[in-house]
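# Provided below are the primary sequence and the corresponding predicted coordinates.
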Amino acid sequence: MSSINIAGLNKRYGQTHVLKGLDLSIKNGEFISFLGPSGCGKSTLLFCIAGLEEISDGSIRFDGREISDLGPRERNIALVFQDYALYPHMTVRDNIAFPLRQQKIDAATIAKQVAWAADVLGIQALLDRLPAALSGGQRQRVAVGRAIVRNPSVLLMDEPLSNLDASLRVHMRTEIRRLQKELGITVIFVTHDQEEAMVLSDRIAVMNNGVLQQFAAPMDVYSRPANRFVAGFIGSPQMNFLPGDLCGGAADHVVGVRPHDLKPGNGIANPFTLSGELVLVEPAGPFQFLDIAIGGHIVRATCTDIAGLSPGETITVGASPEALRYFNADTGARVSHSR
Ligand SMILES: Nc1ncnc2c1ncn2[C@@H]1O[C@H](COP(=O)(O)OP(=O)(O)OP(=O)(O)O)[C@@H](O)[C@H]1O
């Protein structure tokens with residue numbers, strides 16, 4: 001276990017400024033996700049922490065000790081990649097043992113550590129197989145086994161579940177969280193899947209364009225987004241954004257409301273209401289997605305009952321005032337309320 005302190009970190013490739021002045025403090029034993037759109041710099045930041053990429057300036061400290069000049073081997077980190085990177089000609093046992101053999105650890109200790117990792121991951125029966133004879137989920141477990149076998153202080157995972165099918169992803173993420181709690185290890189998990197980040201993490205670092213947008217607990221990121229980018233990136237379907245003056249507020253504000261907070265009719269006390277033409281009704285199992293044209297904008301609502309209304313008719317939807325979020329129209333920063 002280690003705490004990680006990143007301060008003023010910049011990473012440039014020639015003229016391309018990829019990471020822009022990042023500050024991030026991760027506590028011992030925390031599960032952290034780096035979340036953001038493709039190309040925002042998540043993997044680059046992970047590789048800088050791993051020592052696979054040099055930083056341009058700034059500092060990275062593990063437990064208070066500056067490590068940015070140390071090579072990957074000296075940092076006591078382990079990495080799990082999306083493609084697992086198992087050695088195809090080695091058995092599961094030898095794949096897991098590999099990092100220990102590199103450290104010239106004695107055979108008895110290696111056998112004990114491999115047995116421990118296999119036990120933790122429930123893959124004892126697979127130890128003599130080659131990777132080609134394993135399913136995707138089993139390969140994933142072996143990759144994690146190889147990562148944890150030498151008790152790293154930090155486990156870094158770069159989209160480790162991306163190659164698994166949907167149900168296995170859900171299963172494996174539960175296992176990864178269980179394992180992290182059991183070992184008490186600090187984990188950094190890179191993903192562009194917000195649901196994965198929400199269910200796994202103690203805190204989420206939301207990034208965009210090389211800049212840290214917010215670093216907070218999942219429900220804080222969802223309910224108290226720092227800015228319009230975070231509000232729009234987290235939550236599905238996406239939050240609606242409307243000009244403040246269209247909602248009876250100030251023109252220099254943007255009002256955000258999540259689709260599931262908009263209900264048809266006026267069953268809410270003192271609601272904020274919007275009326276417009278219902279243009280689309282999409283059935284989605286237990287509820288329906290509605291697209292409503294309001295003042296040149298399309299507003300999306302998630303409803304269970306639209307009381308027999310059809311496209312072309314006028315619909316009124318309302319939200320409780322607590323469901324509204326306000327953003328500065330120029331900077332995108334969240335402001336506490338509209339004037
Ligand atoms: N070696 C390199 N030279 C130049 N630019 C690079 C290099 N590696 C990465 N980049 C650029 O840095 C930016 C961040 O890339 P990075 O892979 O960290 O993003 P990411 O958020 O992990 O994206 P994804 O989710 O698609 O993997 C991208 O614009 C990428 O093109």
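Yes, it's here.
# from Q140, how far out is the nearest residue to A333 once chain neighbours are set aside?
The spatial neighbour of A333 that comes closest, neighbours along the chain excluded (C-beta to C-beta, 6 or more residues apart in numbering), is N227 at 5.2 Å. From N, CA and C alone the C-beta is placed, and that goes for glycine too. In this view, N227 and Q140 are 35 Å apart by C-beta to C-beta, to the nearest Å.
# and for L24?
From L24 to Q140 the distance is 27 Å (C-beta to C-beta).
# just P37 next, same as before
P37 is 24 Å from Q140, by C-beta to C-beta.
# neighbour count winner among the two?
Shown here are P37 and Q140; by other C-beta atoms under 10 Å, Q140 has more neighbours (25 against 13).
# tell me which element D220 falls in.
Secondary structure from DSSP states H and E places D220 in helix 218-223.
# low-confidence ranges, the stretch 51-200 of the chain, go.
Applying pLDDT under 70 to the stretch 51-200 of the chain flags no residue at all.
# near the ligand, which residues of it show up?
Within the stretch 51-200 of the chain, the positions lying close to the ligand (C-beta under 6 Å from any ligand atom) are H192.
# the residue of the stretch 51-200 of the chain found nearest the ligand: neighbour count?
Using C-beta to the nearest ligand atom, H192 is the residue of the stretch 51-200 of the chain that sits closest to the ligand, at 4.9 Å. By the criterion of other C-beta under 10 Å, H192 has 17 neighbours.
# my read: it touches E159, true?
Yes: counting by C-beta atoms under 8 Å, H192 touches E159, with 7.5 Å between them.
# which parts of the stretch 201-339 of the chain sit against the ligand?
Counting by C-beta under 6 Å from any ligand atom, the stretch 201-339 of the chain has no residue next to the ligand.
# what ranges does the stretch 201-339 of the chain have for its helices?
Using DSSP state H, counting those that start in this stretch, the helices of the stretch 201-339 of the chain run over residues 218-223, 228-233.
# from the contact counts, what lies against the last one?
Same thing as helix 228-233. strand 203-208, strand 211-216, strand 240-243, strand 253-257, strand 325-328 (3 or more C-beta pairs under 8 Å, 6 or more residues apart in numbering; DSSP states H and E).
# not counting that helix itself, show me its contacts.
35-37, 194, 206, 208, 213-214, 221, 225, 238-239, 241, 254, 256, 325, 327, 332-334 (C-beta atoms under 8 Å, 6 or more residues apart in numbering).
# 6 Å - rerun?
206, 208, 213-214, 225, 238-239, 256, 325, 327, 332 (C-beta atoms under 6 Å, 6 or more residues apart in numbering).
# next one: it to chain centre, how far?
Distance, stretch centre to chain centre, for helix 228-233: 13 Å (C-alpha atoms, centre = their mean, to the nearest Å).
# again with the first one
Here the centre of mass of C-alpha atoms in helix 218-223, compared against the chain's by C-alpha atoms, centre = their mean, lies 12 Å away.
# also stretch 251-264?
So, by C-alpha atoms, centre = their mean, the centroid of stretch 251-264 is 24 Å from its chain's centroid.
# and for stretch 283-295?
Centre to centre, stretch against its chain (C-alpha atoms, centre = their mean), the figure for stretch 283-295 is 27 Å.
# show me what counts as buried in it.
Within stretch 283-295, the residues that qualify as buried are 288, 290-292, 294, counting by 16 or more other C-beta atoms under 10 Å.
# now swap in stretch 64-73 and tell me
67-68.
# swap in stretch 274-284?
274, 276, 278.
# could you do stretch 300-318 as well?
For stretch 300-318, by 16+ other C-beta under 10 Å, it's 300-303, 306, 315, 317-318.
# compute the first-to-last residue distance for it.
12 Å (C-alpha to C-alpha, to the nearest Å).
# just how off-centre is it within its chain?
Centre-to-centre, stretch 300-318 and its host chain are 33 Å apart (C-alpha atoms, centre = their mean).
# contacts for it, please.
Contacts for stretch 300-318 (C-beta under 6 Å, 6+ apart): 237, 240, 259-260, 262, 264, 266, 268, 271, 273-275, 278-279, 287-288, 290-292.
# which elements pack onto whatever helix or strand N10 lives in?
Using DSSP H and E, N10 sits in strand 4-13. Strand 4-13 is packed against strand 16-26, strand 57-62, with contacts defined by 3 or more C-beta pairs under 6 Å, 6 or more residues apart in numbering; DSSP states H and E.
# can you put these in TSV and add mean neighbour count?
Below are these laid out as TSV (neighbours: other C-beta atoms under 10 Å):
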stretch	mean neighbour count
strand 16-26	17
strand 57-62	17
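# per-residue pLDDT of the nearest residue to G244 once chain neighbours are set aside, please?
Leaving aside its chain neighbours, G244 sits nearest to H253 (3.5 Å; criterion: C-beta to C-beta, 6+ apart). You'll see H253 listed with a pLDDT of 92.
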